[in-house]
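A.B. asks: Using only what follows, build the 3D model:
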Amino acid sequence: MAVFGVLAAALGVVGLVAPDALLTVMGFEPVPDGGRADGDHTLVFLTASSMAALNMGVYYVLASLADWKAFFRWTVPFRLLTCAVFTLAVLTGRAPAGFLGVGLWEGIGALVTGAALRYETRKGSDAS
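C.D. replies: Model prediction:
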């Protein structure tokens, strides 16, 4: 959880400081300065998403430091939902293929978190 939190926060900072770099990482082609059409709010959306990622990353780190298992459990189904939505966005042509990595990151993270929680629960049962 802490690793995910640090990475989410770091990517949030990248999006705030260097939005074109984040767009490139996600498989989008950045638009050169002055090349955006009137009404193109890509950078506004990216700023909002990056700030949300920064906040979410901090929440994950704090939950990890507090060993807040309930929070960890809550993330599993919602990260799987995020994986499904982002994967469908790629499959339906709403997002470029590079965006699939974001969905896979969420899905794999959810599965690893769920497996770790299950392992800890079983390990705790065996100790009793």
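A.B. asks: quick one: low-confidence ranges for the chain?
C.D. replies: 127-128 (pLDDT under 70).
A.B. asks: Please enumerate the strands of it.
C.D. replies: Counting by DSSP state E, the chain has no strands to list.
A.B. asks: buried ones in stretch 82-97?
C.D. replies: Buried positions in stretch 82-97, judged by neighbour count with 16 or more other C-beta atoms under 10 Å: 82-83, 86-87, 89-90, 95. The way it works is simple: take the backbone N, C-alpha and C, and place the C-beta from them, glycine included.
A.B. asks: again with stretch 105-125
C.D. replies: Quick answer for stretch 105-125 (16+ other C-beta under 10 Å): 105-107, 109-110, 113-114.
A.B. asks: gap between that stretch and the chain center?
C.D. replies: On the basis of C-alpha atoms, centre = their mean, to the nearest Å, stretch 105-125 sits 17 Å off its chain's mean C-alpha point.
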